[in-house]
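Trainee: sequence first, then the predicted structure:
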Amino acid sequence: MSIGSVNLEQCLKCNLCTLVCPMMEVNPDYPGPKKAGPDGERYRLKDPAFFDYALKYCLNCKRCEVACPSDVHIGDMIQSARIKYGSQAKKKGLRSLRDWTLASTDLVGSISSPVAPIVNGVLALRPVKAVMDGALAVDRHRTFPKYSRQKFVSWFRRQDQSAFDRFVTYFHGCYVNYNHPSLGKDFVRLMNAAGYGVHLLEKEKCCGVALMSNGFADKARRQGTVNLASMRKAVSAGEQVLTTSSTCTFTMRDEYPDVLGLDNSAVRDSLMLATKWLYTRLSSGEIHLKFRKDFRMKVAYHTACHMQKMGWQIYSIALLQMIPGLELTVLDQNCCGIAGTFGFKKENYGYSQAIGAKLFADVEASGADVVATDCETCKWQIEMSTGKTVLNPVEILAEAVEF
């Protein structure tokens, strides 16, 4: 499915999408997914110059698509409209330096990693936050994810995987590479413990989700083309491509074809989250992991919105339930509100926190030691707003396994 090919006439106008939209609960200026999506698309088809201001409020959380009984890709429709009519925004100067900086994850990460301690320290200073708030409209209350001085790929190059005769390929993503290499290290350790070696893609670029949401679709398409070419080589070699990010996974499986018009049919079924891969093989007895007898942890699991759209939260939840000594609470599926770069922007920060309020309250009431989620931006939002430590299920599993 390419841009504009979704069938808006399948919309029954039942308004179920409006009932589950988190933005409608906190923002009276947002008319909702039905009006911004199928209804707005009818106007856009009649007048190609039409640009609906309300499109900017969509979180692209896909909750509307989960609720739609007619399988209308409402979120894709809104996302595609933002891309298609983005030239007007550019002419009006709305494509700012801020948006470009937030979307350029590989570039900013490459610059920041070598001087990570300095960057992390500077970004935490109140005067710097005040300047960014005033000059770039990045809200002063937002906490930035810290950068790591050692990139994941630098660490991985020193890991000998030659002893294995079975391999998986790992799409690590920019978050693991520049911000949180320890998640990638845990992934490699688990794969090795399961009897599998790890390869990286021949060439990897950011999945492009931040580029799409900020209006840089052409660059996202170029990066997606690079990723798909490398994935085809891995799949042709008989390897599955595993990830540790629900957002990256969803973007490359569903939005590459639906929004960017990129054909991923040769790799889509071989591209999956590590938790899905691990659970299916552990439950079938194909692989075995030995768990620590002294492991104890109270965990609250948060289903990220894109995870819910894929329907894969069942694998992460079931995987956590396999761990002896782990007490699990599955939280109600409430959007955290950050929506990638959306919640960093000054004009959106209030909406972002208001949307996440229900989740934050549930986290506090859970009494959990840590929160588990498969989405890195959900992690940032929950940690900042509750003070709780948030871990990927892969990290929890690695802590529970006896190596």
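Mentor: In hand now; what should we look at? Since this is a predicted model, take the numbers as computed values, not measurements.
Trainee: distance of Gly387 from Val370?
Mentor: 12 Å (Cβ to Cβ, to the nearest Å). In short, each C-beta sits where N, CA and C put it, glycine included.
Trainee: more neighbours, these two?
Mentor: Val370 (15 against 10; other Cβ atoms under 10 Å).
Trainee: quick one: residues contacting the more buried one.
Mentor: 297-300, 388-391, 396 (Cβ atoms under 8 Å, 6 or more residues apart in numbering).
Trainee: go with 6 Å
Mentor: By Cβ atoms under 6 Å, 6 or more residues apart in numbering, the residues touching Val370 are 299, 389, 391.
Trainee: looking at strand pairing, list the partners for the residue nearest to the second one when sequence neighbours are not counted.
Mentor: Translated: Thr389. Nearest non-adjacent residue to Thr389, counting by Cβ to Cβ, 6 or more residues apart in numbering: Val370, 4.7 Å away. Assessed by DSSP bridges, Val370 has beta-bridge partners Val299, Thr389.
Trainee: hang on, the earlier thing: tabulate the contacts of Val370 in JSON lines, adding columns for pLDDT and neighbour count.
Mentor: Output for the contacts of Val370, formatted as JSON lines (pLDDT from 0 to 100; neighbours: other Cβ atoms under 10 Å):
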{"residue": "Val299", "pLDDT": "98", "neighbour count": "21"}
{"residue": "Thr389", "pLDDT": "97", "neighbour count": "12"}
{"residue": "Leu391", "pLDDT": "98", "neighbour count": "21"}
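Trainee: now the residues you listed as TSV including distance to Leu183?
Mentor: Converted to TSV, those look like this (distance: Cβ to Cβ, whole Å):
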residue	distance to Leu183
Val299	16
Thr389	13
Leu391	9
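Trainee: okay, which residue is most central for this structure?
Mentor: Thr247 (2.4 Å; Cα atoms, centre = their mean).
Trainee: now Leu107: how far from Phe216?
Mentor: Taking Cβ to Cβ, one finds Leu107 at 12 Å from Phe216.
Trainee: the two: who's more crowded?
Mentor: Neighbour totals were compared for Leu107 and Phe216, and Phe216 leads with 21 against 13 (other Cβ under 10 Å).
Trainee: now do the buried residues in stretch 29-46.
Mentor: Using 16 or more other Cβ atoms under 10 Å as the test for burial, stretch 29-46 gives 30-41, 44.
Trainee: do stretch 331-350 as well
Mentor: Going by neighbour count (16+ other Cβ under 10 Å), the buried part of stretch 331-350 is 331, 333-346, 348-349.
Trainee: same check on stretch 210-229?
Mentor: 210-217, 219-221, 223-225, 227-228.
Trainee: just give me the closest of the buried residues of stretch 29-46 to Glu327.
Mentor: Lowest distance from Glu327 to those (Cβ to Cβ) belongs to Pro33, with 36.7 Å.
Trainee: wouldn't that closest one be in contact with Asp76 here?
Mentor: No. Assessed by Cβ atoms under 6 Å, Pro33 is found out of contact with Asp76, at 11.1 Å.
Trainee: closest to Phe403 out of the buried residues of stretch 29-46?
Mentor: Among the buried residues of stretch 29-46, Pro33 lies closest to Phe403 (Cβ to Cβ), at 46.0 Å.
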